[in-house]
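> the following comprises the amino acid sequence and a computationally predicted model.
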Amino acid sequence: MSSLNLLLSGTILPWLLGLLLVFATIALLLSVKLWRATKRSPYFFMRQQAAKRMQSYLSICLVLVMLAAGVGFYGWRSPADGTLRMALITDAKPVSADIQELFSQPSTAELAAEQADMASAQSGGVANFLLNSDSAAALSPELPAAYDRFDPQAELLPTTELGDVTLSNAVTDEYEAISPTDVFGEGFYTLYATFSYDDMVDGLEWAWVWRHNGQVIDGGNELWAYGDDGPGYIFLSPEEGFQEGRYSLEIWVNGELLGQAAANMNDAAAAAGN
């Protein structure tokens, strides 16, 4: 009994184990909720997004359970004897002059911070030009041949319409943009483009093209198979992260440009709230 009290009062491992299990249970419950959403949602994009989130929560649950198992194994194993380590520290050799000189040099983090400050000062003029220039928007984009590979199986209706394309880095479960803007910071995140569509027809050829400073960096092309109306979304998450400059999106249907949006990526402008 005394050993159990000592374990509970002398370590945080049992509390950490319990916290991990609680989070794992929450992730599992959210996965069940999203599984029900995949069965009940009337729209394709909502079912698809719910399925992706369900997979993410299941993965998180599995990771938390594995961490809990690791914490439990570590917490209840026999303690290791540290006597020899104390002897090694006592008998350690003094630090040589070469090692002392190495530690006296500036660290890698300090050098990186100095270089970042210099780069920020040099790029300020370029960033202001990109943020205040309308030249990119004035250009008439063309659909690249790489994203025009299918023959349409249906005609574009006069009433076919895409709503305004809105850019944000987060969306609700109903695909409504959270805090939409046209200025974002640089770095690693997902950029969502949300829109509504009406009178679309299965079999239409549609394509989406992402550009960075006018150069094509990503996109897709397929036949439409998502119903006549509903909310839709497209997302971009480049492996190298978002770099400084202007990112734009075009949505083409049967060779016609029906929607587009653009945003500027710049840390200084995003921090200033421009």
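It's in.
> identify each buried residue in stretch 215-234, please.
Neighbour-count burial for stretch 215-234 flags 218-219, 221, 224, 226, 230-234 (criterion: 16 or more other C-beta atoms under 10 Å). (C-beta placed from N, C-alpha, C; glycine too.)
> same deal with stretch 249-257?
249-254, 257.
> stretch 199-214 too?
For stretch 199-214, by 16+ other C-beta under 10 Å, it's 200-201, 204-212.
> how about the strands in the stretch 51-200 of the chain?
Ranges of strands within the stretch 51-200 of the chain are 161-162, 166-168, 183-184, 191-198, based on DSSP state E, counting those that start in this stretch.
> now render the ones you listed as a markdown table, adding mean neighbour count.
A markdown table is the format used below for the strands of the stretch 51-200 of the chain (neighbours: other C-beta atoms under 10 Å):
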| stretch | mean neighbour count |
| --- | --- |
| strand 161-162 | 17 |
| strand 166-168 | 20 |
| strand 183-184 | 18 |
| strand 191-198 | 20 |
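> tell me the domain boundaries of this structure?
2-75, 135-272 (automatic domain parsing).
> what mean pLDDT does the longest one have?
If you average the pLDDT over domain 135-272, you get 92.
> cool, and the first one?
When pLDDT is averaged along domain 2-75, the result is 77.
> hmm, back to that, for Arg40, which of the strands of the stretch 51-200 of the chain is the nearest?
Among these, strand 191-198 comes nearest to Arg40, with 20.5 Å by C-beta to C-beta.
> next secondary structure after the closest one?
Next helix or strand after strand 191-198 toward the C-terminus (DSSP states H and E): strand 205-212.
> okay, the angle between that next one and strand 191-198?
150 degrees (axes from the mean of the first three to the mean of the last three C-alpha atoms, to 10 degrees).
> next one: the helix or strand that strand 205-212 is followed by to chain centre, how far?
Note on strand 205-212: by DSSP H and E, the next helix or strand toward the C-terminus is strand 215-223. Computed by C-alpha atoms, centre = their mean, to the nearest Å, the chain-centroid distance of strand 215-223 equals 19 Å.
> sheet-wise, list the partners of strand 215-223 with their directions.
strand 205-212 (antiparallel) (DSSP bridges).
> buried ones in stretch 149-162, by neighbour count?
152, 156, 160-162.
> ends of that stretch, how far apart?
22 Å (C-alpha to C-alpha, to the nearest Å).
> now swap in stretch 176-188 and tell me
21 Å.
> what residues does that stretch touch?
131, 166-172, 191-192, 194, 231, 237, 241-244, 261-267, 269-271, 274 (C-beta atoms under 8 Å, 6 or more residues apart in numbering).
> how about that stretch: buried residues?
Buried-residue list, stretch 176-188, by 16+ other C-beta under 10 Å: 177, 180, 183-184.
> so in terms of bridging, what pairs with the closest residue to Ser168 other than its chain neighbours?
Excluding its sequence neighbours, the residue lying closest to Ser168 (C-beta to C-beta, 6 or more residues apart in numbering) is Ala177, at 3.8 Å. For Ala177, the beta-bridge partners are Val171 (DSSP bridges).
> again with the one 10 residues further on
Beta-bridge partners of Gly187, counted by DSSP bridges, are Phe242.
> and the contacts of stretch 176-188, which are buried?
In these, the ones that pass as buried (16+ other C-beta under 10 Å) are 166-169, 171, 191-192, 194, 231, 242, 244, 261, 263-267, 269-270.
> thinking again about what came up before, the buried residues of stretch 176-188: which two are farthest apart?
Applying C-beta to C-beta across the buried residues of stretch 176-188, the maximum distance is between Ala177 and Val183, 14.2 Å.
> how far off centre is stretch 263-270?
17 Å.
> now do stretch 27-35
Distance of stretch 27-35 from its chain centroid, counting by C-alpha atoms, centre = their mean, is 21 Å.
> CA-only coordinates of it in CSV, if you can.
In CSV, the C-alpha atoms belonging to stretch 27-35 read as follows (Å, rounded to 0.1, in the frame of the first residue of the first chain):
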residue,chain,number,x,y,z
ALA,A,27,-10.6,11.0,-30.7
LEU,A,28,-12.5,7.7,-30.9
LEU,A,29,-15.8,9.4,-30.1
LEU,A,30,-15.2,12.1,-32.8
SER,A,31,-14.4,9.3,-35.3
VAL,A,32,-17.7,7.7,-34.6
LYS,A,33,-19.5,11.0,-35.0
LEU,A,34,-17.7,11.6,-38.4
TRP,A,35,-18.5,8.0,-39.5
